[in-house]
Structures are given as structure tokens and as C-alpha cells.
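1. For reference, the sequence and a predicted model appear below.
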Amino acid sequence: MSDAPWPEGVGRRLLNTVDSTNAEAFRLAPQMAGPCWILGGEQTAGRGRRARAWASPRGNFHGTLLLHPKEPAAEVALRSFAAALALREAFVAVTGLPAAFSLKWPNDVLLNGGKVAGILLESSGAGQGVAHLAIGIGVNLIAAPDPAQVEAGAVRPVSLLSETGVRVSPEAFLAALAPAYARWEAIFTSQGFAPLRAEWLAHAARLGEVIRARTGAETREGLFETIDDSGALILRQPGGSVAIPAAEVFF
Ligand SMILES: O=C(O)CCCC[C@@H]1SC[C@@H]2NC(=O)N[C@@H]21
């Protein structure tokens, strides 16, 4: 378990039932001056990346960190790497199993190779600026969706409980996650993306292996070489290396 204290200046809202903690973050945003974690006991309309639904039963973790970032939009999005690193640290704190967790580009956390957590960044604001950022995090603490429900070829969903036997409440998980995120947020705002990139690469799944990246209708296969300083996936192909800013990755 984590014994790091709750981060100073960060609010916390616990809701029994909510449609989506990301949606709640945007409703709260106008009245919140500082960062705030919103935790939902269950979500009735949890949303995942690429407009997918996110199954959100009670006992799993559904939380959103609301931030008011100052950087341009492209830099703001790099916080998904801060969130992935914090998630990994929270998992290690509650299980003591560092080798079991890895990071899948762009922002999933894997446990024994299966997807145990996902991150959905959403923002509001006009033009170049981002007024509010919602870092939504879903963790399969006690239950994972039926593999039949996920797309063919996608990483199998797993739960923390089924893979490790460790049972953690959403509140206890947040107590580990919030300080870990605060530490990476401080590193990001003071030192930029470089330390996050280095740490992310140290835990990357399938680095140096052949992977497939699907962007819209096109799928490219190549060697997962690295990520660049904008967080893009660098894929080595016979014709040279290509930078892929956004894609769905398949192993
Ligand atoms: O598709 C993914 O991998 C990202 C899933 C993100 C789910 C979380 S649960 C908390 C927050 N609220 C939502 O509606 N979605 C995110």
C-alpha cells in the first residue's frame, strides 16, 4: 500500500453514481480553481477512447483528474504519459510486483500482458488554449470485460484481482495514484517531457519488437523503435522510420 500523503492543494470529490467522471469534471470545471480528483463508485455512461463505451461496475476504479493547464494543446496532451507512469507506480505500490506491469503506447497499462487500465484525455477550450483538461482513468480492479466484447486482435482485458489476487478498493487505489500523479505533474511542469519519455520507455511493452499501428483505414507494420519528444510512436519500416502521432496499436 502507498503511504504517501494526499497532495497539497488537490481537491477530491467522491460520487456514488455518476454518468462519467470526465463529464462531471467538465460540469465542475467553472467552479474549480485548482486541480481536483473526481471518483465515481459506478459510471452509467463511462466512455473509452475512440468513442467506445467503458464498462464501469462498482468495485473498479473510475476517476478523473481535472486540471487547468497553461501550456499549448499539444504539450497538454503529453500528460497522458504522466498519468500512465503514475498508474504504473500506483499498481506497484499496491501489489509490490514491479515486473508485472508495462505500458502500451499511447496510454494503456498492461498487467501480465493484458489491459488492466486505460486513460482518456479530454479537454475544453477555444483556439490554441486548453481551458480544462480531464484525465480520465479506468482501472479493472476487480472485474474485466468479457474478452468477447473487445475488438478482434486487441489486448485481452484483465483485472488486478484475477491476475494477482490483490483486492484494493477504489479509494485506496486513489490514495496511491494521486500522490504519484502529483509527482509526475511537478516533474513535467518543471523539466518538460524528457524525464517522462525516458521513464515511459523504460517500461514500454514490445519496444524493439514488430507491432502494427492502425490509423483510420491504414495499418502499418514495423519495429517499435522509440517515441519522440512529442510522444509520437516511431515505427521502423523498410523505407525508413515514420512518426505516428495517433493510432491504435496491435501486437
Ligand atoms: O478506452 C480507454 O482505454 C480509456 C478508458 C477510460 C475510462 C475512464 S473511467 C473514468 C473516466 N470517465 C469516463 O467516462 N472515462 C474515463
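-> Yep, it's here.

2. Which part of the stretch 51-200 of the chain gets nearest to the ligand, residue-wise?
-> Gly118 (2.1 Å; CB to the nearest ligand atom). Where you see a C-beta, it was placed from the backbone N, CA and C, and this is true even at glycine.

3. so who does that residue touch?
-> Going by CB atoms under 8 Å, 6 or more residues apart in numbering, Gly118 touches 48-49, 54, 107-109, 137-138.

4. how about it, phi and psi?
-> With angles defined as degrees, to the nearest 10, Gly118 sits at phi -130, psi 160.

5. Name whatever forms a beta bridge with it.
-> Gly118 has these beta-bridge partners by DSSP bridges: Asp108, Gly138.

6. distance of it from Ala25?
-> Distance of Gly118 to Ala25, computed by CB to CB, to the nearest Å: 16 Å.

7. Save the contacts of Gly118 as CSV, and put in pLDDT and distance to Ala74 too.
-> Shown next, in CSV, are the contacts of Gly118 (pLDDT from 0 to 100; distance: CB to CB, whole Å):
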residue, pLDDT, distance to Ala74
Gly48, 96, 22
Arg49, 93, 18
Trp54, 96, 25
Asn107, 91, 15
Asp108, 97, 21
Val109, 98, 23
Ile137, 98, 21
Gly138, 98, 24
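
8. Name the member of the residues you listed with the most neighbours.
-> Ile137 (29 neighbours; other CB atoms under 10 Å).

9. send the alpha carbons of the lowest-mean-pLDDT helix or strand in the chain over as CSV?
-> Of all regular secondary-structure elements in the chain, judged by mean pLDDT, DSSP states H and E, the least confident is helix 73-76 with a mean of 88. Output of helix 73-76 as CSV, limited to C-alpha atoms (Å, rounded to 0.1, in the frame of the first residue of the first chain):
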residue,chain,number,x,y,z
ALA,A,73,-2.7,22.0,-26.5
ALA,A,74,0.0,19.7,-28.0
GLU,A,75,2.0,19.9,-24.7
VAL,A,76,-1.1,19.5,-22.6
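
10. How far off centre is the next helix or strand after that helix?
-> Next helix or strand after helix 73-76 toward the C-terminus (DSSP states H and E): helix 79-95. Relative to the centre of its chain, helix 79-95 is centred 8 Å away, using CA atoms, centre = their mean, to the nearest Å.

11. tell me which element Gly9 is part of?
-> Short version, using DSSP H and E: Gly9 is in no helix or strand.

12. Apart from its neighbours in sequence, what residue is nearest it?
-> The spatial neighbour of Gly9 that comes closest, neighbours along the chain excluded (CB to CB, 6 or more residues apart in numbering), is Gly34 at 5.6 Å.

13. Let me know how buried that neighbour is, in neighbour terms.
-> Gly34 has 10 nearby residues by other CB under 10 Å.

14. what does stretch 19-34 rub up against?
-> 9-11, 13, 15, 18, 36, 38-40, 43-47, 62-66, 68, 120, 122, 124, 131-132, 134, 136.

15. Spell out which residues of the stretch 101-250 of the chain are next to the ligand.
-> 108, 118-120, 136-138 (CB under 6 Å from any ligand atom).

16. Spatially, which two of those residues are the most separated?
-> Asp108 and Gly136 (13.1 Å; CB to CB).
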